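[1] Next one to model:
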Amino acid sequence: MKDANGLSFGRNGTVISSDTLHLAGLKDETCCSLEIWAQPHPWQDSATLVEFYRPENPYALRLSQSLVDFRLQVATRTETGQFTRANLFVPEVFRYAKPAFITVTSGQQGTAVYVAGALAGTAPRLRIPKSAFAGRILLGDSPLQPDSWYGQIRGLAIYDAELTAPQVFQHYNTWTKNGRPVVREDEHPIALYLFDEHSGSIVHSKLQTGVDLHIPERYLVVDKLFMEPFWHEFNMSRSYWSAVLKNIVGFVPLGFCFYPYLLARQVRRAIILTIAAGALVSITIEILQGFLPTRDSGMTDILTNTLGTGLGVLLYQRVYSALAERIPWLPFAAVRR
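    Numbering: from 1, shown residues only. As a prediction, this is how the structure comes out:
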């Protein structure tokens, strides 16, 4: 942003750290804090705000917008090698698309989320391990699939300490009024980004322990997944269910038109062949989308497209055939199942 501190994200954008965050010599493994000052665009519903990524634990720590709510997601590896995910939702944080100053603190008593310096949500059993920050910092997008956030990010800070409620309020006060927080040494800051460069493609950390952030020349997804499993894609966001509905409806015409075409040519097992054709078309699309950074490549679309094709066949059998008996001039009216 030229006239104020911050980054302005469009519909597809990301900012990536040049290296992993330096965490050597940090003290308590369970005490840490993070501050982010962000304002979503009124059209934004669900997307990733900031994520710390490393390939061995791709879901270590994610802060995101889920409709009007704030979502904190933490993933830890169990002794068996499996990942367990914990979520903390704070409602109504982004209701009016205004700047939201969010602070996340974690310690022995659990995790707390503050909004505008006031306590907004707690999770006593959720503790963020310090290792969750040991990865590349990504702003405004996910590292595995495009999940672009639309809005402005005006500040980001990470601390090797659990900030107290008075400290949280003081940081909120000084940062929103003066453009930067008043940080003391006993708060053990790790990284501080004020986004006050106003030009260029590099965001500098104001602390030596931090890493610089880079704006790529072209939009990219750091480690894009190919054919992501549907159980990983599933979520309760409005954008997810909207995409599911579109994928089903979009393939109904294929089943509705291709099925009677096969019947007219007296092809055996027309239903199976039609549904198989819909699945094949969908698989082809997903393979191609694996090479496009702005498109998802996942199994959910294959399932929903195939379902849409089957619904198109059913719609022809139940509805169109009944109409054809009464309106003989309709296309394929002479075709019978």
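[2] Quick check, Val182 in contact with Tyr172.
    No. With contacts counted by C-beta atoms under 8 Å, Val182 stays clear of Tyr172, the gap being 11.1 Å. For every residue, glycine as well, the C-beta is placed using N, CA and C.
[3] The two - which one has more neighbours?
    Neighbours per residue, other C-beta atoms under 10 Å: of Val182 and Tyr172, the larger number sits with Tyr172, 21 against 12.
[4] ok, the more buried one to Leu207 distance?
    To Leu207, Tyr172 is 19 Å away according to C-beta to C-beta, to the nearest Å.
[5] And for Leu314?
    From Leu314 over to Leu207 (counting by C-beta to C-beta), the distance is 61 Å.
[6] With Met299 instead?
    For Met299, the distance to Leu207 - C-beta to C-beta - is 42 Å.
[7] just Val168 next, same as before
    19 Å.
[8] So between these two, which is more surrounded?
    Each of Val168 and Leu207 had its neighbours counted (other C-beta under 10 Å), and the higher figure belongs to Val168 (22 against 16).
[9] for the helix or strand containing the more buried one, which positions count as buried?
    If you go by DSSP states H and E, Val168 is part of helix 165-178. Neighbour-count burial for helix 165-178 flags 167-172, 175-176 (criterion: 16 or more other C-beta atoms under 10 Å).
[10] likewise stretch 91-100?
    Using 16+ other C-beta under 10 Å as the test for burial, stretch 91-100 gives 93-94, 100.
[11] Thr306: which of the residues you listed is nearest?
    Of all the buried residues of stretch 91-100, Phe94 has the smallest distance to Thr306: 34.8 Å, by C-beta to C-beta.
[12] Am I right that that closest one is in a strand?
    No. With DSSP: H, G, I helix; E, B strand; the rest coil as the criterion, Phe94 is coil rather than part of a strand.
[13] Pull out the buried residues from the longest helix seen in the chain.
    Secondary structure of the chain read by DSSP state H shows that its longest helix is helix 238-264. With burial defined by 16+ other C-beta under 10 Å, the residues of helix 238-264 counted as buried are 243-244, 247-248, 251-252, 254-256, 258-260, 262-263.
[14] How about the secondary structure of the residue lying closest to Phe83 once chain neighbours are set aside?
    Leaving out its chain neighbours, the residue that sits closest to Phe83 by C-beta to C-beta, 6 or more residues apart in numbering is Ala75, at 4.9 Å. Secondary structure, three-state DSSP: Ala75 is strand.
[15] How about Leu225?
    Judged by three-state DSSP, the three-state class of Leu225 is coil.
[16] And it, what's its pLDDT?
    In this model, Leu225 is scored at 86, pLDDT.
[17] And the one 3 residues further on, by the same measure?
    Note on Glu228: pLDDT of 86.
[18] so what are the domain limits for this structure?
    7-214, 230-326 (automatic domain parsing).
[19] Serialize these to JSON lines and add fields for distance to Val222.
    Output for those, formatted as JSON lines (distance: least, C-beta to C-beta, whole Å):
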{"stretch": "domain 7-214", "distance to Val222": "4"}
{"stretch": "domain 230-326", "distance to Val222": "10"}
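[20] and Met1, which of those is closest to it?
    For Met1, the closest of those is domain 7-214, at 5.3 Å, according to C-beta to C-beta.
[21] what distance separates that closest one from the middle of the whole chain?
    Here domain 7-214 is found 14 Å from its chain centre; the criterion is C-alpha atoms, centre = their mean, to the nearest Å.
[22] re the thing from before, now the buried residues of helix 238-264 in TSV, with pLDDT and distance to Arg295?
    Converted to TSV, those look like this (pLDDT from 0 to 100; distance: C-beta to C-beta, whole Å):
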residue	pLDDT	distance to Arg295
Ala243	87	11
Val244	93	16
Asn247	94	13
Ile248	96	18
Phe251	96	17
Val252	95	21
Leu254	95	19
Gly255	94	23
Phe256	90	25
Phe258	93	24
Tyr259	91	28
Pro260	87	31
Leu262	92	30
Leu263	86	34
